[in-house]
Every structure is written in C-alpha cells, then in structure tokens.
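> Dropping the sequence and predicted coords here.
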Amino acid sequence: MGPEQLAELVDRYGAPLVLYARQWCDCPEDVVQTALLKLVRSRVPPDNLVPWLYRVVRNGAIDAGRAARRRHKYEAAAADTAPKWFSPGYDPTGLDARAAAAALADLPAETREIIVMHLWGGLTFEQIARTIGSSAATCYRRYAAGLDTLRTKLGADAPEKTT
C-alpha cells in the first residue's frame, strides 16, 4: 500500500474508525493507528479492506479496554497496600494530609517530581538535575516555587528566615 492510498484511507475512514473504537476503550486513536500500521505491514492487502479495518479496530479496542480495566484493578490494589505519602495521626502543624496530597497532585509534573525527589527521596538538587536533565539552579527554582504554591493552596505560612 502506497502513501497516497494510506492518506486517502485515513482521510475517509480515520474519524469514523476512532468513533467506532471509542465504544470499547479510552485510546481509540492509538487503536486506529495500530490497525493502520498492521495494514501497512501486511504483504498482501485484505480482500475487503474497510470491513477488515473495522474488525481489526474492534478487536484492538476491546483488547485495549480489557487491558485498561485490568491495569486499573491492579493499580487500585497496589495503591491500597502502598505506603501513603502522608501518615495519618497526630500532626502538630494541623496539616490536612488529603488536602496536601491533592495540592501536590495539582502541581505541574516537573515541579512535583522535583519536590518528591528532594523531600521524600533525599536527593540533592545536583542529583535531581542529573536525573531529569536540567540544571541544579532550575531545579531549586522549581522546588521553591512549588513549595510556595503548596503553602498558598494549604494556607500555610512560610517558615521564619534565620539570619
């Protein structure tokens, strides 16, 4: 199959195939792309191309939906047994662990990653910078900005600066 034929297939059937796959999974675009790749890789094109595409997309979408449900089940079970970021119990600061976890989850992924690596992982900013491919100064700035955002969201005061 040539590039022109593939482009025509995508233009004509891409959106309907995505809509069709959406019935069974949350990643219909990926399923359609995989079906088109399978078509391109086949040495002999199928006799009835459009019905073949729908069958391959349907099977792929059902498989993707099953895999997502299975993954969600195992991730939920693992989350129930995993140690929590914040331990319940007495907290002299009055920090609400759920609110803190939600505020942390709302941070941009890079900022959250830096905060977790530094606070919970004990990594230095130089180590973090090497890990994520950034500079130590940038990591520190993101860390400080992230903590300020967390303080604002949680209504916490900044610690006193010592001189």
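All right, it came through fine.
> And the helix or strand of the chain with the lowest mean pLDDT, what's buried?
The helix or strand of the chain with the poorest confidence is helix 97-106; it has a mean of 84 (mean pLDDT, DSSP states H and E). Using 16 or more other CB atoms under 10 Å as the test for burial, helix 97-106 gives 100, 103, 104. In short, each C-beta sits where N, CA and C put it, glycine included.
> Let me see the mean pLDDT of stretch 145-158.
Averaging pLDDT along stretch 145-158 gives 85.
> in that stretch, what's buried?
146, 147, 149, 150, 154.
> what pLDDT does residue 89 get?
Residue 89 is given a pLDDT of 53.
> which parts of the lengthiest helix in the chain are buried?
Taking DSSP state H as the criterion, the chain has its longest helix at helix 49-81. Across helix 49-81, burial judged by 16+ other CB under 10 Å covers 52, 53, 54, 56, 57, 58, 60, 61, 64, 65.
> Can you give the distance of it from its chain's centre?
Here the centre of helix 49-81 is set off from its chain's centre by 16 Å, with CA atoms, centre = their mean, to the nearest Å.
> again, but for stretch 150-159
Distance of stretch 150-159 from the chain centroid (CA atoms, centre = their mean) equals 27 Å.
> Equivalent analysis for stretch 2-18, please.
The answer for stretch 2-18 is 28 Å, by CA atoms, centre = their mean.
> Then stretch 19-34?
Taking CA atoms, centre = their mean, one finds the center of stretch 19-34 at 17 Å from the center of the full chain.
> my read: residue 118 touches residue 125, true?
Yes - Residue 118 is within contact range of residue 125, at 7.0 Å (criterion: CB atoms under 8 Å).
> Now for the two: what residues contact both?
139, 143 (CB atoms under 8 Å, 6 or more residues apart in numbering).
> And the chain, what are its domain boundaries?
Domain assignment for the chain, taken from automatic domain parsing, gives 3-81, 97-154.
> now the end-to-end length of the last one.
Across domain 97-154, the straight-line distance between its terminal residues is 10 Å, by CA to CA, to the nearest Å.
> Now do the most centrally placed residue in the chain against residue 30, distance only.
The centre of the chain sits closest to residue 109, judged by CA atoms, centre = their mean, with a distance of 9.5 Å. To residue 30, residue 109 is 21 Å away according to CB to CB, to the nearest Å.
> and if you look at residue 103?
Counting by CB to CB, the separation of residue 103 from residue 30 is 32 Å.
> Then residue 70?
Taken as CB to CB, the span from residue 70 to residue 30 is 17 Å.
> buried ones in the helix or strand in which residue 19 is found?
In the assignment (DSSP states H and E), residue 19 maps to helix 3-21. By neighbour count with 16+ other CB under 10 Å, helix 3-21 contains the buried residues 9, 13, 14, 17, 18, 20, 21.
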